[in-house]
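Novice: the amino acid sequence is not available; the structure is as follows:
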């Protein structure tokens, strides 16, 4: 009887050891798969950081042709995170990255001269007491002087126009055959201009401008306006150049 009991005990112990080994092997396989999955996810995240996809990627050349200004925007890394965007200035010899050069953190205004860039640094919400800036300050990036101007503003708007021809001359972009304008022409300083093209022709040109005026009640008004210029015929962008004009670039990876 005792021998029989010992035999059954030995068999039960072997079965228990086998079950434990199988459990340990299963756990080890699960841990291995889990670690591999985490490694793949981390590698994927790293690739996304190093090679982001941009839904906005524009570039313009400075008048002295020594610097690029980039405007970029991409979706945040998480579903509910904010988009990542910026406006950076850097040397033309430098490869673009979100850490290169300097983040201007402002709306481009205009190239005042070959080495001076006007920036609309801040817009405080509210009614202005006059049309003068509430703040002006200067700083530099390398050899470029940055004139930062702040206004008190009530907002802004968008206005569409059509045109039939245009010309770049002396740091200005001039539109001709403009509808709804008595003179049939409008002129803007280079800097705050974005050209959008389809194939080899201009699709639309956006111009941003701080508009200062007085309303019918003689109250001062300061607004940031966006003008959309749409050509009435096929116009090639080749003769415009890239100085002071943001051109859309295809940028999928950093």
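Specialist: Yep, that arrived. All of these numbers come straight from a predicted model, not from anything done at the bench.
Novice: quick one: stretch 234-242 to chain centroid distance?
Specialist: The chain centroid and the centroid of stretch 234-242 are separated by 23 Å, computed with CA atoms, centre = their mean, to the nearest Å.
Novice: for it, which positions count as buried?
Specialist: Going by neighbour count (16 or more other CB atoms under 10 Å), the buried part of stretch 234-242 is 235, 237, 240. From N, CA and C alone the C-beta is placed, and that goes for glycine too.
Novice: now, which of those sits nearest residue 110?
Specialist: Ranked by distance to residue 110 (CB to CB), the buried residues of stretch 234-242 are led by residue 240 at 16.2 Å.
Novice: and that closest one, what does it touch?
Specialist: By CB atoms under 8 Å, 6 or more residues apart in numbering, the residues touching residue 240 are 166, 168, 173, 195.
Novice: JSON lines for the residues you listed, including neighbour count?
Specialist: Listed next are the contacts of residue 240 as JSON lines, based on neighbours: other CB atoms under 10 Å:
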{"residue": "166", "neighbour count": "21"}
{"residue": "168", "neighbour count": "16"}
{"residue": "173", "neighbour count": "22"}
{"residue": "195", "neighbour count": "20"}
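Novice: ok, so of those, who is nearest residue 218?
Specialist: residue 173 (31.9 Å).
Novice: would you check that the closest one makes contact with residue 245?
Specialist: Yes - contact status for residue 173 versus residue 245: in contact at 7.3 Å, counting by CB atoms under 8 Å.
Novice: mind listing the shared neighbours of the two?
Specialist: Applying CB under 8 Å, 6+ apart, one finds that residue 173 and residue 245 are jointly contacted by 190, 193.
Novice: residue 217 and residue 114, how far apart?
Specialist: Look at residue 217 and residue 114: by CB to CB, to the nearest Å, they are 41 Å apart.
Novice: compare those two (neighbour count), which wins?
Specialist: The residue with more neighbours, out of residue 217 and residue 114, is residue 114; 15 against 5, by other CB atoms under 10 Å.
Novice: quick one, phi psi at the residue nearest to residue 176 when sequence neighbours are not counted?
Specialist: Of all residues not flanking residue 176 in the chain, residue 165 sits nearest, at 4.5 Å (CB to CB, 6 or more residues apart in numbering). Taking degrees, to the nearest 10, you get phi -160, psi 170 for the backbone angles of residue 165.
Novice: kindly report the same for residue 239.
Specialist: phi -80, psi 0.
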